[in-house]
Structure formats: structure tokens, C-alpha cells
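1. Sequence first, then the predicted structure, then my questions.
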Amino acid sequence: MSLRPSFPALVAAASLLTLPALALGQSDNDTEALDPIVVTATLGPKTVGESLSSVTVIEKDDIRRQQPAEFRDLLDAQPGVNVVSDGSYGKTTSVFLRGAGSSGTILLLDGIRLRSATAGIPPWQFLPPELMERVELVRGAKSSLYGADAVGGVIQAFTLEPEAGRQGWVDQTGGSHETLKTTAGVAGREGESAFLAGGIYSDTEGTNLRTGGEDKGFRNAGGLAKVSHEFDQGGGAGLTVFQSEGNTEFEGGDTDFQIRAMGLYLEAVASDYWRTRIQFSESRDEQETFGSYPSVFNTLYRSARWENTLTAGVHEFVIGSEVMVDEVEGTSQFTEDSRTNSAVFGQARLNYDATDLMLSARLDDNEAYGKEETGGIALGHQFDRTHRLRLSYATSFRAPTFNDLYLTVPFYTGNPNLEPEEGQMVEAGVSGRYDQWFWDIAVYQNDVEDLITFVSDPVTFEGTVENVESARIRGVELSSGFEAGSWDVNAALTWADSENRDTGTRLPRRAEKNLRLDVDRLFDQWSVGASFIAESDRYNDAANKSLLPGYGTVDVRAAWNFLPGWSARFKVDNVLDRRYATSLGNDSVTFEPFDYLAAGRTYMASVRYDFRQ
């Protein structure tokens, strides 16, 4: 039976979490505020408070403790986040950030954009979390910084970084569904130079995706290589190469995939007031599907980005330009197979004692859909050393994909006259950050016009897409966490109302309410922890006829450092064995809908050896 958490229950759970934190806060006001550095929310490193954005940071220690089986496990029910998947273990995954569509959130890997230009969504399911060190979730419209598709926000994953000296690691994991996973790597940092090489191979028989169905497996081989050097006078250069490839099975077939990203950057200090950085990036998303509907869809993305940071006292200005090229190919016919986007952008961060003002603007010129201008303004005020208010307004747009514009297949023809979807988001937030705990509340509304919507002729069944609808998305996000002694606790509570203004229905596949609670107890040589995730119901379709019930899951974990350099970990996911679904499929023969079931209770155990010199 699925769990349907009520909104009062979610509020009560969050309130229980904050009680010990409030007690701690009374004695911590005289200490320095906890305000981590982030690089995604602005053009350059800033603290969370200085960024004037709603940001969630998942650190390396968090990733190691939570032992995620998939990258999406880190994102599930975080503030403003809905994750939808066609089952477990490498199956198609969509991320809805602040209610924006699955193609309205940007995924960056070390500053390199990953996505399919045909389907329009990033390959969330193919990122191995074992190669990630840090994740930043920036919520809010960011097209004035990153261009198209940053309607709901930007999620950036940072790959592993070498530490001082030399180190290496080997990790062997096994568990339910005949899952085996091996991770290994070496890294080092000597003087101003650093290198890292790591890889992972995983193989699982998987689990059934529908009631009575067969197990559907997943195989993945991933690799990461990095070299960097810091210049004596400031700045530096570096190269990152990442690849993930393998095969994933689904109802009706299987897909061979390859995701590749490569980035080269050069940063120099021209003077005491001028810092310049240029980055060349390339990413590939290649997928070949076999079975009932065989197909090939490949995307090649290249970009060159130049940023210049100028300082004038306490004020900072960034100006830059970017050129991006998309190329696609496949078995389906496209009337156009490439497009170029040129952009110029700027940001001003002005500081007036306790008040910060952030201005940003960007002009994109795309040969497919023309020019788009976006901008943002944000104001922040620091009441004292711990409490801060932020207000912001920003515009955004989502670009039509190659499928939207140019794809021609039976019963579907792309529309080359489509306009981008356009959004306007307003937000107000207040936060308190202390030595051992924090809290944050954000309220927002996003109005999106010209939604790209599929329409079809009821007689001929011929279809296309048009800009015919609008949406209003508004919500409240609460987050809190504290580190006290050997306790580490984090919680997030989200309420979001997403409405199609033309039909009055809820936007599909978004849950209105979700809650996440992570609790860990740390000891000298071992630790124990648990995560509770709950989401309310959602509709799978735009007409709001296919309702998927809410659910709740509990995960438990433990870790033990039993010898110098040696550690063991054990985790039970979905302890209550809930077979819930966040999306529906259709049978390829009968066309009857069925639930895409998430895995039930699973067990995983691992042994790891780390060596250092």
C-alpha cells in the first residue's frame, strides 16, 4: 500500500527537526555564520548569502555517507526538486526543478553542459555518483547567466578532486539483484600541479519494471581523468575528460548509450583588477535503441566561453561572451541538423555595507529561433551576522528542441515556427546561518508563457507542437540542518502549486508536496544513519486523469573504519519494501497503461581501501 503523506504531517515533521536546532541556536549567535562557497549561482565563487539565490549544497562527506545507488538518489525530494523515473537502475529519469519541465533544468558537469538536443533532457540516469565530489542545486531562473533552459534552475555536479600528496582507492560493492560494482582510482597533488584518474564498472540484473514483468538490467562503465596546474602569479589551466557508457534494458527493448564530456580551461590574472577565463567544452550524448521501436539519436555539443571579472573596490563586474553549436544525427529525419547560438552576458555585484545588489543580463542569438533577451535583479540585506533577506526577479526561456522544430516521423511533424517558452520568476527568501545550524525559507512564483504543447488532428491523428498554453508555478521551500557534536541532520520541505492557466489542471508529473530528512550519528570509527523521503500524489498526464499515489520510503545505512585505510559500508534502501511509481508506461501490444515500479527493498555492502603518501 502506498503512503500518502498529508501536508500537516510534513510540517509537523519539519517542526520536530527544528526543535533541537532552535535550542542550539540560542547559544551560537556570537559565532561566525556558516555560509559555504558556491560557484554556480553567480559568475564566480561567492558564499550562499552573497549569491542571493536559493542554493542546496551536497558535499563529499554527504555523498559518501548516503551511499547513493544512482545520481538521482542525491536529488530526490531536495528543496524544490521532483524526480521522475521509469523504474530503477539506469532508467529514463527527469528532474523537475521548481515545477519547470524536464527540459527546463540545466545539468553541468565541471562547467560542461550535458543534454540531448533532440529530447531536450539531461542524461541524469547515466551519471555514476561514485565519481562525484560535490553537487550544487541552484533554484530560480538563471537564463541571464547560462542561457536557454535555465527556467527552474541549474544543477552542477563536480567530479572528484585530488588532495595534497598522493592517494588511491579501490572499492568493491555487491548486493541485491546480482549487483556488482568496482571503483578504483589514483590521484596526486605536488606543488602547483595535480592529476586524477578514476573509473567504475557496475553490472546489475535489475528488477521488474511492471507487475509480473521480467527483470531489466543495467551495465555501466565510467571513467574520469583530470590534470591541472596553478600559475605562480594566479590563475591556472586544466583539462577534464569524463565518459560513461553501457546498456540499459527497458520494457520493449534496450539502449546502448555513451555520454562524454571534455573541458579545457585557462585562467589568468591580467592585473590587480582584472581576471580573465576561457573554457572550451565538448559533450556527446549518443543513444542507440533496439527492440519494438529501434532508433539512433546522437547529440554533439561544443562551446567556447570567455569571462572577464573586473573589481572596483568592493564592487565586482563580469562581462563575457559564449558561442555554442549543436549537431544532431539519427535514424529519424531532421530538416535541419545543426544550429549555432552566440551570446553576450554581464553581471554586476554592488555592495553597500549590509546591502548587496546583483544585476545580470544576457542576449542570445540563435539561428533557429532568433534573439532572446533575459535579465535579473536581486537585492540582499544582512540584518546582523546571522540573518539575511533576499528578493529577486528574473526572466528565462526554454529553447525548442530539434524534435520540436525539425523532426519528421509518421503522425508527427516538427514546427519550425515555434517560439521559445518564456518565464518570469519572483522570489523572496530569508535565512539564518549560525555556527552549527541553519534555516532557510523561500517563496516564489514563476509565470511561463508560450508553453510548447503537442496538438493532433482527431481525424487523421497527425500531430505537431505549438505555443498555445501558459502556466503559473508557485511554491514554498523550507530547509534546515545542523551539526552538533556527532550528529548531522538535514531536512527539506516543499509545497508547490503548478497550474496550466488555460485548462486549470495541474502540470503533469509534479508532486505538490515532498519531504526529505537525513539523519546521521557519527562515532570515532563508525557511523549510522537514515533517510526518510515522502512525496504526495501526482498526475502522469496533462488532462489529470491518471493519478499516481504518494509514497514514503526509509533507507538505513552504516559505515565502519575497521583498520587504517580500510572501511566497510552497508545500506538497506526502501526498508518498508514500497513498490511505488512516479510515471506510467504503455504496453507495446495492448497499449494499456502500467506503473513503472521502483525497486523494492534492496541491500548493498562494500569494502574500500584508501592509501595515502
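-> All right, it came through fine. Residues are numbered from 1 along each chain as shown.
2. Packing partners of the strand or helix carrying Thr204?
-> Using DSSP states H and E, Thr204 sits within strand 193-208. Secondary-structure packing of strand 193-208 (3 or more CB pairs under 8 Å, 6 or more residues apart in numbering; DSSP states H and E): strand 179-190, strand 215-230. For every residue, glycine as well, the C-beta is placed using N, CA and C.
3. Sheet partners, orientation included, of that strand?
-> Partners of strand 193-208 in the sheet, by DSSP bridges, are strand 179-190 (antiparallel), strand 215-230 (antiparallel).
4. mind checking how far the first one is from the chain centre?
-> Between the mean C-alpha location of strand 179-190 and the chain-wide mean there is a distance of 23 Å, by CA atoms, centre = their mean, to the nearest Å.
5. Touching that strand from outside, list them.
-> Applying CB atoms under 8 Å, 6 or more residues apart in numbering, the external contacts of strand 179-190 come out as 130, 160-174, 194-205, 224, 604, 606.
6. Please indicate which of those are buried?
-> For the contacts of strand 179-190, a burial check counting by 16 or more other CB atoms under 10 Å picks out 130, 160, 162, 167-169, 171, 173, 194-205, 224, 604, 606.
7. quick one: low-confidence ranges for this protein?
-> 1-34 (pLDDT under 70).
8. okay, which residue is most central for it?
-> Ile155 (3.8 Å; CA atoms, centre = their mean).
9. Could I get the helices and strands packed on strand 193-208 in a markdown table, plus columns for distance to Trp437?
-> Output for these, formatted as a markdown table (distance: least, CB to CB, whole Å):
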| stretch | distance to Trp437 |
| --- | --- |
| strand 179-190 | 33 |
| strand 215-230 | 34 |
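10. Quick one, which of those gets closest to Phe71.
-> With CB to CB as the criterion, Phe71 lies closest to strand 215-230 of the helices and strands packed on strand 193-208, at 10.9 Å.
11. and the helix or strand following the closest one, how far from the chain's centre?
-> Downstream of strand 215-230, the first helix or strand assigned by DSSP H and E is strand 235-250. Relative to its parent chain, strand 235-250 has a centroid offset of 16 Å by CA atoms, centre = their mean.
12. and the very next helix or strand once past strand 235-250, what does it pack onto?
-> For strand 235-250, the following helix or strand on the C-terminal side (DSSP H and E) is strand 253-271. On a contact count with 3+ CB pairs under 8 Å, 6+ apart, strand 253-271 meets strand 112-113, strand 235-250, strand 274-291.
13. Could you export strand 253-271 as CSV, CA atoms only?
-> The C-alpha trace of strand 253-271 is given here as CSV (Å, rounded to 0.1, in the frame of the first residue of the first chain):
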residue,chain,number,x,y,z
GLY,A,253,13.9,-3.2,-25.7
ASP,A,254,17.3,-1.9,-24.6
THR,A,255,19.6,1.1,-25.3
ASP,A,256,23.3,1.3,-25.8
PHE,A,257,24.5,4.7,-24.5
GLN,A,258,27.6,6.8,-24.4
ILE,A,259,27.9,10.1,-22.6
ARG,A,260,31.2,12.0,-23.0
ALA,A,261,32.4,15.4,-21.7
MET,A,262,35.7,17.2,-22.2
GLY,A,263,36.6,20.7,-20.9
LEU,A,264,39.8,22.7,-21.2
TYR,A,265,40.1,26.0,-19.3
LEU,A,266,42.7,28.7,-19.0
GLU,A,267,42.5,31.4,-16.3
ALA,A,268,44.9,34.3,-15.9
VAL,A,269,45.3,37.4,-13.7
ALA,A,270,45.9,40.3,-16.1
SER,A,271,46.1,42.9,-13.3
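14. for the chain, what spans make up the helices?
-> Along the chain, counting by DSSP state H, helices occupy 7-25, 48-51, 60-66, 72-75, 143-146, 402-406.
15. For Arg72, find the nearest of the strands paired with strand 193-208.
-> Evaluated with CB to CB, the strands paired with strand 193-208 place strand 215-230 nearest to Arg72, the distance being 13.0 Å.
16. Could I get the buried residue list for the closest one?
-> Buried positions in strand 215-230, judged by neighbour count with 16+ other CB under 10 Å: 216-220, 222-226, 228, 230.
17. Pull out the buried residues from stretch 427-445.
-> 427, 429-442, 444.
18. And the helices and strands packed on strand 193-208: which comes nearest Leu114?
-> Closest approach to Leu114 among the helices and strands packed on strand 193-208 (CB to CB): strand 215-230, 13.1 Å.
19. so that closest one versus strand 235-250, what angle?
-> Relative orientation of strand 215-230 versus strand 235-250 (axes from the mean of the first three to the mean of the last three CA atoms, to 10 degrees): 180 degrees.
20. quick check: angle from strand 215-230 to strand 253-271?
-> 10 degrees.
21. Could you work out which of the helices and strands packed on strand 253-271 reaches nearest to Arg472?
-> Of those, nearest to Arg472 by CB to CB is strand 112-113, at 27.9 Å.
22. List the strands paired with the closest one, with their directions.
-> The pairing partners recorded for strand 112-113 under DSSP bridges are strand 105-109 (antiparallel).
23. Need the contact partners of the strand it pairs with.
-> Here strand 105-109 makes contact (CB under 8 Å, 6+ apart) with 40, 95-97, 113-115, 122-124, 127, 142, 146, 149-157, 159, 242, 261, 283.
24. do that again at 7 Å, thanks
-> 95, 97, 113-115, 122, 124, 146, 149-150, 152-157, 159, 242, 261 (CB atoms under 7 Å, 6 or more residues apart in numbering).
25. picking that back up, now, which of the buried residues of strand 215-230 sits nearest Arg578?
-> Arg578 lies nearest to Lys216 out of the buried residues of strand 215-230, by CB to CB, at 18.9 Å.
26. Spatially nearest residue to that closest one, not counting backbone neighbours?
-> Spatially, and ignoring its direct neighbours in sequence, Lys216 is nearest to Glu249 (4.0 Å; CB to CB, 6 or more residues apart in numbering).
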